[in-house]
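Chemist: predicted model, plus sequence, below.
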Amino acid sequence: MLPSPFDTLDVNSLSHLRCAQGDHVFRQGDPTKGIFFVKSGNVCLTRVTESGNAVTIHNARADDMFAEASMYSNHYHCDAVCVAPSEVVRVSKQAIQLRQREDATFSEAITKRLAMQVQDYRQLLTLHAVKSANERVLLAVAVGKLTGSVTQFASQVGLTREACYRALRELSDQGLLIKTGRGRYAPAPQKEDRRP
């Protein structure tokens, strides 16, 4: 089941893809066919720069949408590579665009979803601007970014796995985070100020 409003599209506009680790969902320069949802697994979007360096621009996990820009582009601007066995659903670009022209409610729902994603990306940019690894990890946990593995979390907030684990341990030792399970942390409850 896709999230709203995509769940209202005709099933014929959907293509289900089962991919092995290392498979490309699409390659940079391929003609656009639609947007994608990760049902399970993990898809890394990587762009190759003019100098030949690969830059990760997004790690899509279960329930994430990716390749939204393809709605208004003729070619994909990055590679989408499965970093784990993954199930992905492609939603036809033509079906979405046709429905947008015919249904204002559908179009508004897509606009709202994309606006929320922009807010999320801006929040990530803010996190990346925080120089201290401990402060960055504390803030990221507080805003709910630790939803998958610590390795995925580290990549999302722009730290090495080792630096992230070290920060989580130090923040736990300082009583700022509470370990709630394996690879799971939550902000420690704030102590009430009892001064008169």
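Modeler: That came through, no problem. Numbering: from 1, shown residues only.
Chemist: confidence score at the residue lying closest to residue 146 once chain neighbours are set aside?
Modeler: Leaving aside its sequence neighbours, residue 146 sits nearest to residue 153 (CB to CB, 6 or more residues apart in numbering; 4.8 Å). (Each C-beta comes from the backbone N, C-alpha and C, glycine too.) Looking at residue 153, its pLDDT is 85.
Chemist: next, residue 153: secondary structure please.
Modeler: helix (DSSP: H, G, I helix; E, B strand; the rest coil).
Chemist: I'd say it and residue 144 touch.
Modeler: No: Residue 153 lies out of contact with residue 144 (CB atoms under 8 Å); the separation is 10.8 Å.
Chemist: who's more crowded, the two?
Modeler: residue 153 (22 against 10; other CB atoms under 10 Å).
Chemist: state the distance from residue 154 to residue 148.
Modeler: 10 Å (CB to CB, to the nearest Å).
Chemist: which one's more surrounded, these two?
Modeler: Ranked by neighbour count (other CB under 10 Å), residue 154 and residue 148 place residue 154 first, with 22 against 15.
Chemist: ok, and the closest non-adjacent residue to that one?
Modeler: Residue 154's closest residue in space is residue 164 (CB to CB, 6+ apart), at 3.6 Å.
Chemist: can you pull the pLDDT of that neighbour?
Modeler: 94.
Chemist: counting neighbours, what do you get for it?
Modeler: Residue 164 - counted by other CB under 10 Å - has 23 other residues nearby.
Chemist: for it, helix, strand, or coil?
Modeler: helix.
Chemist: how close does the residue nearest to the spatial centre of the chain sit to residue 145?
Modeler: Residue closest to the average C-alpha location in the chain (CA atoms, centre = their mean): residue 60, at 4.3 Å. Distance from residue 60 to residue 145, counting by CB to CB: 15 Å.
Chemist: ditto for residue 74
Modeler: 33 Å.
Chemist: residues of stretch 166-175 that come out buried?
Modeler: Buried residues in stretch 166-175, counting neighbours by 16 or more other CB atoms under 10 Å, are found at 167, 168, 171.
Chemist: same question for stretch 91-107.
Modeler: Under 16+ other CB under 10 Å, the buried positions of stretch 91-107 are 91, 92, 93, 95, 96, 99, 100, 106, 107.
Chemist: sort out for me which of those residues are in helices.
Modeler: 93, 95, 96, 99, 100, 106, 107 (DSSP state H).
Chemist: can you add pLDDT and give those back as TSV?
Modeler: Listed next are these as TSV, based on pLDDT from 0 to 100:
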residue	pLDDT
93	95
95	96
96	95
99	96
100	95
106	96
107	94
